[in-house]
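Peer 1: Here is my input, please return the structure:
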Amino acid sequence: MNVKSDNPNVKSIKHMAFAVSDAEKALEAYAKFLHVPADTEVIHFPKSGNKVALFYLGGIEYQLCQSTQEGGRFDAWIKERGAEGLHHICYEVDNIDDALAHAQEQGASLRECKACKKTGSHAHPEGWVAFLDNDAGGIEIEFMQVYTPEQLAAYEASGAEAV
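Peer 2: Okay, here's the model as predicted:
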């Protein structure tokens, strides 16, 4: 049985983001049950109104994302579904424009990045990102083309604020 995707654009999973009500409390469970470092930093991103605990487990980047404002992106998602859970998977791609074109050829539409108020590919701290307005099994889809070291240096030199 061959279950491998033939999508030429996806390289790997960049990260998985979980919507949580309390990032510190969720981190405690990961530390207790999965041996994630308990002193993992929870970073506040004022621009997007989120607190995020970021760590690696099994070679995958995990993000425990908490809205800092009622009605924020993750707070609204939790209220809509009635529970915390896997919010989105970010797929690393070689070329974000090709990945978006492929998805749109299959009927996908693009979602606005709520933090940046931009739709389609745009710069974020680690690379160019875009969000689909479609989900797969209830999980949002994000694409990221990670910067080369030179592109990252240019982004950082631009003085852009982390989201």
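
Peer 1: so where's the longest helix in this protein?
Peer 2: helix 23-34 (DSSP state H).

Peer 1: can you list contacts of that one?
Peer 2: Residues outside helix 23-34 that contact it (CB atoms under 8 Å, 6 or more residues apart in numbering): 18, 20, 36-38, 40, 42, 51-53, 55, 57, 62, 64-66, 84. All C-beta spots, glycine's among them, are computed from the backbone N, C-alpha and C.

Peer 1: Could you report the pLDDT at Leu86?
Peer 2: Confidence at Leu86, expressed as pLDDT, is 97.

Peer 1: Over to Lys47?
Peer 2: The predicted local confidence for Lys47 is 81.

Peer 1: what kind of secondary structure is it in?
Peer 2: coil (DSSP: H, G, I helix; E, B strand; the rest coil).

Peer 1: Would you quantify the distance from it to Ala160?
Peer 2: 10 Å (CB to CB, to the nearest Å).

Peer 1: repeat for Gln69
Peer 2: Taken as CB to CB, the span from Gln69 to Ala160 is 22 Å.

Peer 1: Settle it for me: which of those two has more neighbours?
Peer 2: Between Gln69 and Ala160, Ala160 has the larger neighbour count (other CB atoms under 10 Å), namely 13 against 10.

Peer 1: check contacts around Gln104.
Peer 2: Leu110.

Peer 1: That one - that's part of a strand, no?
Peer 2: No. Secondary structure of Gln104 (three-state DSSP): helix, not part of a strand.

Peer 1: Model confidence score at it, please.
Peer 2: Looking at Gln104, the pLDDT reads 95.

Peer 1: how about the helices of the chain, start to end?
Peer 2: Secondary structure of the chain (DSSP H): helices at 23-34, 73-81, 96-105, 149-157.

Peer 1: What separation is there between the closest residue to Ala23 other than its chain neighbours and Asn95?
Peer 2: The shortest distance from Ala23 to any non-neighbouring residue, by CB to CB, 6 or more residues apart in numbering, is to Gln66 (4.1 Å). Separation of Gln66 from Asn95 (CB to CB): 32 Å.

Peer 1: Understood, closing this out.
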